[in-house]
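*Asks:* Show me the folded form of this:
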Amino acid sequence: MNLNLSKTIAFVLLTCSLQPGAAMAQANESAKPWVLWHWIKGGVSKPGITADLEAMKSAGIGGAYLLSIKDVPNPPLFNRSVRQLTPQWWDMVTFAMQEAGRLNLKLGMHVSDGFALAGGPWITPELSMQKVVSTQLNIKGETDEKIKLQQPETLEDYYKDIAVYAYPSAEGAGISTQTVIPEITTSNAADASGLIRPGNTKNFGSNEACWIQYAFKQPFTTRTIRISTGSNNYQAQRLEIQVSDDGKNFRSVGRLEPPRHGWQDTDADVTHSIVPVTARYYRFVYDKKGSEPGSEDLDAAKWKPSLKLRNLELSAEARINQFEGKAGLVWRISKASTKETLEDHLCVPIDKIINLSDKIKADGSLDWKAPKGNWTILRIGHTSTGHKNATAGAGMGLECDKFNPAAVKLQFDSWYGAALKHGGPEIASKVLNELFVDSWECGSQNWSPLFAAEFKKRRGYDLMPYLPAMVGIPLGSAELSEAFLHDVRKTIAELVADQFYYTLSSLTKEKGVTFAAENVAPTMLSDGLLHYKNVDMPMGEFWLNSPTHDKLNDMLDAVSGAHIYGKNIIQAEAFTTIRMDWNEHPGNMKTLQDRNYALGINKLVYHVFAHNPWLDQKPGMTLDGIGLYFQRDQTWWKPGKAWVDYATRCQALLQQGKPVADVAVFIGEELPSRSVLPDRLVNLLPGLFGAEVVAAEAKRLANTGEPLRQKPAGVTHSANMADPEDWVNPLRGYAYDSFNPDVLLDASVKDGRVVFASGASYAVLVIPGKMLLNPNYQYMSKEVAAKLNELAKAGASLVLGERPKFQLGMPKTGSDQDFETLLTELWDGNFKTAGQGQQQLSLKTLGKGRIIKGAYQAESFDLIGLERDLLVMEGNGDYAKKVAYTHRIAADKEFYFVANQENKERLLEFSFRTAGKIPELYDAVTNETIALKAWKTEAGRTRMQLKLAPNASTFVIFKDRAATTASATGKNWKEQQLVNMVNGSWKVRFDPAYGGPEKPVTFAALSDWSKHPDSLIRYYSGSAEYSNNFKVKKQAGQQYLLDLGTVGCIAEVRVNGISCGVVWTAPYQADITAALKNGDNVLDITVTNTWANRIIGDQRLPEDRRITKTNAPYRLEGKPLNEAGLLGPVRLFKQLSNN
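*Replies:* Next up is the predicted model:
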């Protein structure tokens, strides 16, 4: 699509004025990046602590989150290891505080030992995370037989009864493949007999298409299919069901549908409710064709398709469809049960249920005689989930009850509070000033001794009559059962935010420290945005070269949560990687960093700085080869400060003012919930994405052929996953946030914008209908419908997806005409066609507002008076892809951060939705401000051309009021003219301590170290100094740039002994004007590569001759050496006038 800015754009005379950092505010401490400082397996030393902290200080790091990871192994990695919680360990923690104080660094600590999540040995089973468990007994009434109920699942030797119920047995009760044994055969002749065996631990698996057949002697009615896998397995949840009466002629009766799920999905089976079917033969057919490509909320589908099964149980008894997730046992999202799968007569009438809780004895015997008929007795209780802070060491223990403030306080006091006490009030209050909660990795919980009371307080009714639904028993009707379980999930989601995060927030405020936290989803049932309400610094995470683990939702949850709740600093656990390849350097990480700045984060927390207890072992300690190697023994640590400085400068600006986002997208009322991914909006907003993206997305989702890829090497996964780099600036000039019901219900309208209580405001609300995380889009609460109606009448603009049909909540007697009226006012009525051709819209007014219904086909919101915030065009008039941006408005200025996400130079035309102010550029790499004059104000927009180097970024800052608009021509950049080449031989000094040659080596021409015939150079990792001489006739007032050409990987330039800076990203140029002399000049360039080549080379040597020592596993077998050194050509340029 050609989206011309205008037919002609006149550019004005430019004189670029470069000033050091004129546009950049003073970088305060909050702008400095932090690190995750992991103390690994007890390997801690005071000299190492000092060296670590001094290295952080020298690199410009502001502080560190101290996390101790795992216990001391046998044998220990470090001879003088110390275990967590011992006096020696607390002494190390106190010493770290003292050293940090000496260096004016700040520290934070995690809420527990390890990083997942909040537990310890002080948490007893009674105070641990709890879950609902049950057993069922079917009996005949009017007998004298003693009734003894089996105790439900018991973990950590802890179990408490909640209630015992009896009710007339439903149709099919007690009939399953455990009581009616079928003959089991398979198409591949593999043994599948264990699939009906309780507690089976042997997997049935297949990498190829196959079927499993159950043959019954008599027709068997199936209403429920329970699948157990023992591990995340997508294919087991999408088997096709075929049935036959004769074993020869089979017909398909449907396919199982997997729930949406996260990566930690093994805590519960999946019980599928199906349309009842009766047959003698059942086949369960596995074929990978038609598989989804996998995503953050369909995690198991990411991996190479294969079938793994432990149990496949058929039952004649009805169950609520996929109740395990709906009851909060695990993070899952499923379609609601319907009358087709769960007819009313299969549901237990509530008025027929007898509460026998006072009849059960301690040994499980029941003092009750059943009346005539068939009865089902249900024993429901709670036990510990058994989850522990699994990455901990001696501080490992059960996870605290997240619904119990007393348990949360005990956890806080026993770990973080203990650290404050050991540090002492003087040092701790000045140094240990942050509490950190990492991403949730300890499963879900759905019970607590406080849960019933909290439920009644929040939902307004007693849950006890409905409790059987929490173990899958359908009550009354499908509608009633689903409504109750939604109330259960809503209560759980509120308790996570109110009892866990709010309690920690209160405790940190009492101590005067700041509270930072990462994501809850997709492991704990939650509203994925709500907990950020109680956090000072929301935090997400992004991964490097790890597409299976890089979860864009983690970033969007944190960014949206921060924006809608008014939190300014948004942190990111940055550059986490699943497999350390040792080839990472600032230049190949910049685009990832910039893309996440554009998403909205404004403070990096590098993952990971592993504490190295040794001073003489390099690379030394790592997090078992996970994470970016970002620590003092990194080869490029010292020159890498230039990269940290870039982050600090960017963050100093990005923490100013407020973000500008035009669009707010409703995450819906389904629970659990998360922010809305951009790919999930393509169907509702196709015009904004453009036809090319719409077509590409359809092709991706088709997943034809189920293609695979490896990234990183050895990690095989779906090639059609939605990669974050493919969704840069997805709405093409409109930024969006996601919002939840919590902020919606307090929203108002001002000047046509919807304003949340935090002050965040949006021009358009998007209310999607059917989405993958909102399969029950037919339901909406009356409160939400009323609020949308109110906002529209007050002047809001709404884009509506599919119309809801049912009121969310417990069924009410009679019809709710008010609710239907609200829906009618929003979705029905006199809609008119607006727009032309394929960009037509269905639009109407409601009060002062506007409603757009259905797919938004227009390529902008111009029709409702909202122009793009930023429009970027190629020179040929096409929309420019791969340009990331964010926009913020501060008291004294507004600015856009724009980043070229392509590894090539680009000449682009920019149109900004602002006028009346003078634009200037700020380059955070060089810390230079460029005063621009080649710009034009037109129709409320400011337009200009910019030339961006490969992977380059810049801030476009609008500040001082413009007196006039200019109308001459010029360029917004200076061309360069070659002065001379730096040719001839180079003397190169390698470091023998890093395995380099003892004496300087002469390079007749610049070349790649990895191709050098000398193995000491070929496998060298570290720094080497290149020396040469050149002559120049220096002209007064002229600026000179030294272009290094190709660099592997980072270089510091010195001319005549004067440092001219570190070059680490394109265009790989250093300004040498100040150091340059007329005539002869001495040039020294120190080039540093990564550890990869040395580690590969060391594998050829016996251990006693190796340079490198590390606990990271070796994964570079068969990989080529990395390009290294100064490859050039090295050229001297002078800047030309841009007149």
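
*Asks:* Check the burial of the residue nearest to residue 1055 when sequence neighbours are not counted by counting its neighbours.
*Replies:* Distance criterion Cβ to Cβ, 6 or more residues apart in numbering; nearest residue to residue 1055, sequence neighbours excluded, is residue 1075 at 3.9 Å. Where C-beta positions appear, they are placed from N, C-alpha and C, glycine not excepted. Neighbour count of residue 1075, defined by other Cβ atoms under 10 Å: 20.

*Asks:* residues near the residue lying closest to residue 906 once chain neighbours are set aside, how many?
*Replies:* Using Cβ to Cβ, 6+ apart and skipping residues adjacent in sequence, the residue nearest residue 906 is residue 948, 5.1 Å away. Residues contacting residue 948 under the criterion other Cβ under 10 Å number 23.

*Asks:* pLDDT score assigned to residue 948?
*Replies:* With respect to pLDDT, residue 948 has a value of 98.

*Asks:* Give me the distance between it and residue 322.
*Replies:* 49 Å (Cβ to Cβ, to the nearest Å).

*Asks:* Also residue 953?
*Replies:* Distance from residue 953 to residue 322, by Cβ to Cβ: 45 Å.

*Asks:* repeat for residue 311
*Replies:* Here the criterion is Cβ to Cβ. By it, residue 311 lies 16 Å from residue 322.

*Asks:* the more surrounded of the two?
*Replies:* residue 322 (28 against 21).

*Asks:* Skip the chain neighbours and tell me the closest residue to that one.
*Replies:* residue 334 (3.8 Å).

*Asks:* Wait, that neighbour touches residue 259, no?
*Replies:* Yes: with contact defined as Cβ atoms under 8 Å, residue 334 and residue 259 form a contacting pair (4.4 Å).

*Asks:* Common neighbours of these two, please.
*Replies:* Shared between the contact lists of residue 334 and residue 259 (criterion: Cβ atoms under 8 Å, 6 or more residues apart in numbering) are residues 322, 325.

*Asks:* For residue 905, give me the backbone phi and psi.
*Replies:* Dihedral pair for residue 905: phi -70, psi 140, per degrees, to the nearest 10.

*Asks:* Identify the residues contacting residue 811.
*Replies:* By Cβ under 8 Å, 6+ apart, residue 811 lies in contact with 477, 479, 480, 483.

*Asks:* which one among these gets closest to residue 297?
*Replies:* residue 483 (23.3 Å; Cβ to Cβ).

*Asks:* what about the strands in the stretch 1-150 of the chain?
*Replies:* Along the stretch 1-150 of the chain, counting by DSSP state E, counting those that start in this stretch, strands occupy 17-20, 34-40, 63-69, 106-110, 130-140, 147-148.

*Asks:* Adding mean neighbour count and mean pLDDT, write those strands out as a markdown table.
*Replies:* A markdown table is the format used below for these (neighbours: other Cβ atoms under 10 Å; pLDDT from 0 to 100):
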| stretch | mean neighbour count | mean pLDDT |
| --- | --- | --- |
| strand 17-20 | 13 | 46 |
| strand 34-40 | 26 | 99 |
| strand 63-69 | 26 | 99 |
| strand 106-110 | 24 | 98 |
| strand 130-140 | 19 | 98 |
| strand 147-148 | 16 | 96 |
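
*Asks:* Between these, which one is closest to residue 630.
*Replies:* strand 34-40 (6.7 Å).

*Asks:* strand partners of the closest one, parallel vs antiparallel please.
*Replies:* Note on strand 34-40: by DSSP bridges, its sheet partners are strand 63-69 (parallel), strand 603-610 (parallel).

*Asks:* how about these, which one is nearest residue 466?
*Replies:* Using Cβ to Cβ, the nearest of those to residue 466 is strand 63-69, at 41.4 Å.

*Asks:* Let me know the angle separating the closest one from strand 106-110.
*Replies:* Put simply, strand 63-69 runs at 30 degrees to strand 106-110, going by axes from the mean of the first three to the mean of the last three Cα atoms, to 10 degrees.

*Asks:* Residues touching stretch 163-175, excluding its own?
*Replies:* By Cβ under 8 Å, 6+ apart, stretch 163-175 touches 138, 149, 221, 223, 315-318, 345-349, 352-357, 359-360, 366, 368, 370, 373-380, 464, 467-468.

*Asks:* Just put the strands paired with strand 34-40 in TSV and tack on distance to residue 771.
*Replies:* Formatted as TSV, those follow (distance: least, Cβ to Cβ, whole Å):
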stretch	distance to residue 771
strand 63-69	35
strand 603-610	31
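
*Asks:* Can you check which strand is longest in this protein?
*Replies:* When the chain is scanned for its longest strand (criterion: DSSP state E), the result is strand 210-228.

*Asks:* ok, so of the contacts of residue 811, who is nearest residue 1107?
*Replies:* Distances from residue 1107 to the contacts of residue 811, taken by Cβ to Cβ, are shortest for residue 483, at 65.9 Å.

*Asks:* just checking, the closest one is part of a helix?
*Replies:* Yes: membership of residue 483 in a helix is supported by DSSP: H, G, I helix; E, B strand; the rest coil.

*Asks:* so what's it closest to, chain neighbours aside?
*Replies:* Using Cβ to Cβ, 6+ apart, the nearest residue to residue 483 is residue 810, at 4.7 Å.

*Asks:* mind listing what the one you found touches?
*Replies:* Applying Cβ under 8 Å, 6+ apart, the residues near residue 810 are 461, 480, 483, 484, 487.

*Asks:* out of those residues, which are buried?
*Replies:* Neighbour counting over those (16 or more other Cβ atoms under 10 Å) leaves 480, 483, 484, 487 as the buried ones.
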